[in-house]
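S.K.: Just to be clear, the model below is a prediction. Sequence and coordinates:
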Amino acid sequence: MERRLLLVFALTFLVIVLFQPLLKKYFPQPAPPPTQSQTQIQAPLTSPAANPVEVERPKGATAGAPATKQASAESEVTIENDLYSVTFTNRGGRVKSWILKKFKDDKGSLLELVNKAAAERYGYPLSLWTYDENLRNQLNSALFVTSSSGTLTAPAELTFEYASQDLTVHKVFHFGHTYAVEVETSVTFKGSTLPAFPAWPAGFGDEISPVGYAASRVDYQLNKDIKRLSIKSVSGGNTLTGPFNWVGVVDQYFAAVFIPDYPPNAVAVTLRNSIDIPKDVKSSSQETTKAEVLGAAVGNPRGPTIERLYVGPKQLHTLETVPVATITDAPPDLRGLVNFGFFGIIARPLFLWLQWTYKYVGNWGWAIVIQTLIINLALLPLRVSSMKSALKMQKIQPQMNAIKEKYKKYGMRDPRRQEMNTEIGALMKTQGVSPVGGCLPMLIQMPFLFAYYAMLGSALDLRQASWLWIKDLSSADPYLILPILIIITGLATQRMTPQAGMDPSQQKMLNVMMPVMFGFISYRLAAGLCLYWVEGSLIAIVQQFIMNRTSLGREMREIALKRARKKEKK
């Protein structure tokens, strides 16, 4: 064994010696250290920024050591356009405030998208994220030299630079007239490229309640595939390897997503932390609860990062104006941020139709009322067919029960059970009743119901939109009028619907339980959804009232009353 080990060492040494001439001939040699004159050229010139620049060398350093570049005091610079006002601090080259001018918060002030409480603990937007926590803290606490100061009006460019003995950082931001900002960053540590990713680390400023935080996700798209990671699926510090067309953090109405220039080089790090928030923001109670705060850092691990950052609303018409040229087999823009759910093929046209209606009506509540009326009128033939089928089915219910009682003595696996099904099928055919007549129309209606639910749940346009007594159609009815109406209309519908084949005691229980359950479900739903629900129920009551006045309806009510009297006698 020792001889073999010595032989391996000898052969390794021989290979190294023999390959030295080849290495010198075919591989580049290390660059010579910069001369003193070169170092002086690289030293920073006089900066127009407000903060002075200190250029010094570490004690004991030689003349060829790299120069340091940092500011001596903290300063701020603000960039504005018609859509936002972004304030940077040169401490870390980070964003302290990102205000959207077209939107307001619950107090009527311009919406601040930086979650101040979470950002203080877990990082401000456009800080740099590294796998080394100590280095991360150094990057985001260093005083950068800025290219400008004061207030800038877009289009504008803002540069942050920092250099120490081992660390060099360069950050450049380009601002235009849209919600998208161009981002370029590069970090070198001891002469080597360091993976340091621009980040949106700590949620959004519109997240003030547990419900608001619960709506946050990490979303990303690659061509026609869109992934939406809920809070439970997000791990803090987890790395998602690309390619991505876009990736970032979103909540119900707003998004901060990174759009890499070259998707194959993109890497995303998901961030998840907890924060204490008031349990009820509307009360004066000091009771708090835990909320999860999501974030994301996206960049190129093998070199400088070049990407765009979209920070703004999840408005469909706005997202469709943000080009993403790298997307194939799908629309090349950010419309994928709006989640219309499984029935998106129906929900999106419904939303565009609602927008079109709003242009003429001028109020989102009345637009919902008009659209709901048209949808229910269009589905009227299906509902009438369903009602007729249900009434006919109830009419032959006693005969069907008699057939079932006839074969009750036979087991489920007995071949004679098939004869029961044959007799029931013949009876239904004779009476003109389809076994799916009552279900099929309802099944056709269900996609529209779910699509409308998904559409209203993701429509930013309903945020803070008022209608009559409701101040915000995207929030719950503050006076609970709509949930109460859902219960009342449900009770009326159940009472008006003939149910001849049902036991009276069961019918009474169902008539109360179902409406109360629906009222409980709608208690915290958005008022826009409850409005759609109530109006649909009122239309259903009118339809049932008319159906009950037909000859078939009167007959079924008489049958139901006769059976109820028989049950009472027993």
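M.R.: Here it is on my side, so go on.

S.K.: can we go C-alpha only for contacts and neighbour counts from here?
M.R.: Will do.

S.K.: What ranges does the stretch 151-300 of the chain have for its helices?
M.R.: 210-214 (DSSP state H, counting those that start in this stretch).

S.K.: Please enumerate the strands of it.
M.R.: Taking DSSP state E, counting those that start in this stretch as the criterion, the stretch 151-300 of the chain carries its strands at 156-163, 167-175, 180-189, 192-193, 197-200, 217-222, 225-229, 238-241, 246-250, 254-260, 267-278, 288-299.

S.K.: for residue 354, phi and psi?
M.R.: phi -60, psi -40 (degrees, to the nearest 10).

S.K.: pretty sure it contacts residue 366?
M.R.: No. Counting by Cα atoms under 8 Å, residue 354 sits too far from residue 366 to count as a contact (10.1 Å).

S.K.: returning to that earlier point: could you dump the strands of the stretch 151-300 of the chain into a markdown table with distance to residue 107 added?
M.R.: Formatted as a markdown table, those follow (distance: least, Cα to Cα, whole Å):
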| stretch | distance to residue 107 |
| --- | --- |
| strand 156-163 | 31 |
| strand 167-175 | 29 |
| strand 180-189 | 27 |
| strand 192-193 | 45 |
| strand 197-200 | 25 |
| strand 217-222 | 25 |
| strand 225-229 | 30 |
| strand 238-241 | 36 |
| strand 246-250 | 22 |
| strand 254-260 | 18 |
| strand 267-278 | 16 |
| strand 288-299 | 21 |
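
S.K.: mean pLDDT lowest for which of these?
M.R.: Lowest mean pLDDT within these: strand 192-193, at a mean of 91.

S.K.: Quickly run through the sheet partners of it, with directions.
M.R.: Here strand 192-193 is paired, per DSSP bridges, with strand 180-189 (antiparallel).

S.K.: which outside residues touch the partner strand?
M.R.: 166-175, 193-198, 303-311, 322 (Cα atoms under 8 Å, 6 or more residues apart in numbering).

S.K.: Residue 210 reaches residue 291, doesn't it?
M.R.: Yes. If you go by Cα under 8 Å, residue 210 and residue 291 touch, sitting 6.3 Å apart.

S.K.: Poorly predicted segments of the stretch 351-500 of the chain, please.
M.R.: 387, 435-442, 444-445, 497-500 (pLDDT under 70).

S.K.: need the contact list for residue 297.
M.R.: 128, 129, 197, 198, 199, 200, 201, 248, 268, 269, 270, 271.

S.K.: By neighbours, which of those wins?
M.R.: Most neighbours among the contacts of residue 297, by other Cα atoms under 10 Å: residue 200, with 32 neighbours.

S.K.: Report how many residues lie close to the closest residue to that residue other than its chain neighbours.
M.R.: Nearest non-adjacent residue to residue 200, counting by Cα to Cα, 6 or more residues apart in numbering: residue 125, 4.5 Å away. Here the count is done by other Cα under 10 Å, and residue 125 has 27 residues near it.

S.K.: circling back: mind checking which of the contacts of strand 180-189 are buried?
M.R.: Among those, those buried by neighbour count (16 or more other Cα atoms under 10 Å) are 167-175, 194-198, 303-311, 322.

S.K.: Not counting its neighbours along the chain, what's nearest residue 92?
M.R.: residue 140 (3.9 Å).

S.K.: how many neighbours does the one you found have?
M.R.: Count around residue 140 with other Cα under 10 Å applied: 20.

S.K.: With residue 399 instead?
M.R.: 13.

S.K.: With residue 429 instead?
M.R.: With other Cα under 10 Å as criterion, residue 429 counts 12.

S.K.: repeat for residue 430
M.R.: 9.

S.K.: how close does it sit to residue 406?
M.R.: 19 Å (Cα to Cα, to the nearest Å).

S.K.: Run through the residues that contact residue 303.
M.R.: Here residue 303 is in contact with 186, 193, 194, 195 (Cα under 8 Å, 6+ apart).

S.K.: Pull up the per-residue confidence for it.
M.R.: At residue 303, pLDDT is 91.

S.K.: One more: residue 339?
M.R.: 90.

S.K.: shift numbering so it begins at 2
M.R.: Got it, the first residue is 2 from now on, which makes the last one we talked about residue 340.

S.K.: Might you report the residue contacts of it?
M.R.: 455, 459.

S.K.: tell me which element residue 387 falls in.
M.R.: helix 381-396 (DSSP states H and E).

S.K.: how about that helix: buried residues?
M.R.: 381, 383-396.

S.K.: Export that helix to CSV, keeping only CA atoms.
M.R.: C-alpha atoms of helix 381-396 as CSV (Å, rounded to 0.1, in the frame of the first residue of the first chain):
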residue,chain,number,x,y,z
LEU,A,381,-82.5,31.9,-17.8
PRO,A,382,-83.3,29.1,-20.3
LEU,A,383,-81.0,26.8,-18.5
ARG,A,384,-82.5,27.7,-15.1
VAL,A,385,-86.0,27.2,-16.4
SER,A,386,-85.0,23.8,-17.8
SER,A,387,-83.4,22.8,-14.5
MET,A,388,-86.5,23.9,-12.6
LYS,A,389,-88.9,22.0,-14.9
SER,A,390,-86.7,18.9,-14.7
ALA,A,391,-86.6,19.1,-10.9
LEU,A,392,-90.4,19.5,-10.6
LYS,A,393,-91.1,16.6,-12.9
MET,A,394,-88.6,14.5,-11.0
GLN,A,395,-90.4,15.3,-7.7
LYS,A,396,-93.8,14.4,-9.4
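
S.K.: just checking, next helix/strand downstream of it?
M.R.: Trace forward from helix 381-396 with DSSP H and E and the next one is helix 398-407.

S.K.: and that next one, how far out from the chain's middle?
M.R.: 52 Å (Cα atoms, centre = their mean, to the nearest Å).
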